[in-house]
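A.B. asks: Turn this into a model:
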Amino acid sequence: MLAAAGADIDALREIEAWARRAVVVPDGAQIVDAHVHLGIDGDGHALAAADLVADMDANGIAASVAFPANEPGVDGDFREANGRVADAAAAYPGRIIPFCRIDPTHPIGRALADADATGVRGVKLHPVAQRFHPEGDECVRVVREATDRGWPVLFHAGFGARPLGDAFAQLIDQVPDARLILAHGGRGDHRALAAATAGHPGVLFDSSIAALPDLVTLAPERIVFGSDRPYGDHAQALHLVGVAARVAGWDDTAMRGVLGETLLKWIGPVGS
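C.D. replies: Numbering: from 1, shown residues only. Prediction:
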């Protein structure tokens, strides 16, 4: 596709190799991507499981958390797309970690039950794409259901989102034991989100397409690595984390946490 569009493929490969060299992976670190979309999004972005695993292999990624692209299906409940992600996880055990995607504005009971039966380990919610408020009753119900099942909830928290600090403070007040991952470093309302969640150990930020100044102001214990494939790519995502580590002075222990250990404490071990 890139070649057909006139891109210099060899030059792109050189850029990817340069980006990978920017991150120093400590000995024993297991890299786990917290943010990958599988399927075909309404805007045309697409990623198949086989292509994801090939990209992971090329970049030293042990496993990726994956959930559906914006494919809600005719019923709007993402059940079919969630099933496809579960099938991908079964095809690549230990490499693809399935999260389900839920639309809180639709009935959630059957979608959550179906997802639970397939062994998913978390939920993805997108307030912009599905047009709901994180602090609204519908979303709170989903977060509470997920928390009762022991699942973390990954939220889109950037690009197109309204001011979010107060919204997530209200959500946390209503479900104080929730474990939340705020995507993109909370880009767009980072300062308010970081302040509103500072006293809550159950809130992490993923690094996918985040702003470097936002990442370096966070304690590394609050950050998990993410790529946002297919919108982002692993080489650039690793480059961002590598630069953040140098700027902020993270040591090997901090880097192991960011690259995978912190996330694995929430979702459990990976490996076939």
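A.B. asks: Please state the offset of stretch 80-87 from the chain centre?
C.D. replies: Relative to the mean C-alpha coordinate of its chain, stretch 80-87 is positioned 17 Å out (C-alpha atoms, centre = their mean, to the nearest Å).
A.B. asks: where along this protein do the helices fall?
C.D. replies: Counting by DSSP state H, the chain has helices at residues 9-21, 49-59, 79-91, 109-117, 127-130, 137-148, 165-174, 190-196, 212-217, 234-248, 252-256, 262-267.
A.B. asks: quick one: W250 from E221, how far?
C.D. replies: The span separating W250 from E221 equals 10 Å under the rule C-beta to C-beta, to the nearest Å. Bear in mind the C-beta positions are built from the backbone N, C-alpha and C, glycine included.
A.B. asks: between the two, which one's more packed in?
C.D. replies: Set side by side, W250 and E221 show unequal neighbour counts under other C-beta atoms under 10 Å, the larger going to W250 at 21 against 13.
A.B. asks: Do I have it right that the more buried one meets V243?
C.D. replies: No - W250 lies out of contact with V243 (C-beta atoms under 8 Å); the separation is 10.9 Å.
A.B. asks: List the contacts of the residue lying closest to D75 once chain neighbours are set aside.
C.D. replies: Excluding its sequence neighbours, the residue lying closest to D75 (C-beta to C-beta, 6 or more residues apart in numbering) is H106, at 7.3 Å. When contacts are counted by C-beta atoms under 8 Å, 6 or more residues apart in numbering, H106 touches 72, 75-77.
A.B. asks: In ChimeraX, how would I select just the buried ones from these?
C.D. replies: Entered in ChimeraX, the line below selects the buried ones among these, by 16 or more other C-beta atoms under 10 Å:
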select :72,77
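A.B. asks: and the two most separated of the contacts of H106?
C.D. replies: Using C-beta to C-beta, the contacts of H106 reach their maximum pairwise distance at P72 and D75, which is 7.7 Å.
A.B. asks: and the closest residue to D103 other than its chain neighbours, what is it in contact with?
C.D. replies: Beyond its immediate neighbours in the sequence, the residue positioned closest to D103 (C-beta to C-beta, 6+ apart) is Q130, lying 4.5 Å away. If a contact means C-beta under 8 Å, 6+ apart, then Q130 has 72, 103-105 as its contacts.
A.B. asks: Let me know the closest of those residues to V143.
C.D. replies: Sorting those by how near they are to V143, with C-beta to C-beta, puts P104 at the top with 8.8 Å.
A.B. asks: Quick one: residues contacting the residue positioned nearest the centre of the chain.
C.D. replies: The structure's the chain has its C-alpha centroid closest to H35; by C-alpha atoms, centre = their mean the separation is 2.5 Å. Counting by C-beta under 8 Å, 6+ apart, H35 touches 65, 154, 183, 206, 208, 226-229.
A.B. asks: May I have stretch 243-252 as PDB, with CA atoms only?
C.D. replies: Below are the C-alpha coordinates for stretch 243-252, written out as PDB (Å, rounded to 0.1, in the frame of the first residue of the first chain):
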ATOM      1  CA  VAL A 243      13.400   9.400  24.600                       C
ATOM      2  CA  ALA A 244      11.100   9.800  27.600                       C
ATOM      3  CA  ALA A 245      13.400   7.500  29.600                       C
ATOM      4  CA  ARG A 246      16.500   9.600  28.700                       C
ATOM      5  CA  VAL A 247      14.800  13.000  29.400                       C
ATOM      6  CA  ALA A 248      13.200  11.900  32.700                       C
ATOM      7  CA  GLY A 249      16.200   9.800  33.800                       C
ATOM      8  CA  TRP A 250      14.300   6.500  34.300                       C
ATOM      9  CA  ASP A 251      16.500   3.600  35.600                       C
ATOM     10  CA  ASP A 252      16.200   0.000  34.400                       C
END
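A.B. asks: From the contacts of H35, which land in strands?
C.D. replies: For the contacts of H35, the ones inside strands are 65, 154, 206, with DSSP state E as the criterion.
A.B. asks: List the buried residues of the lengthiest strand in the chain.
C.D. replies: Looking only at the chain and at elements set by DSSP E, the strand with the highest residue count is strand 32-40. Neighbour-count burial for strand 32-40, with 16+ other C-beta under 10 Å as criterion, is recorded at 32-40.
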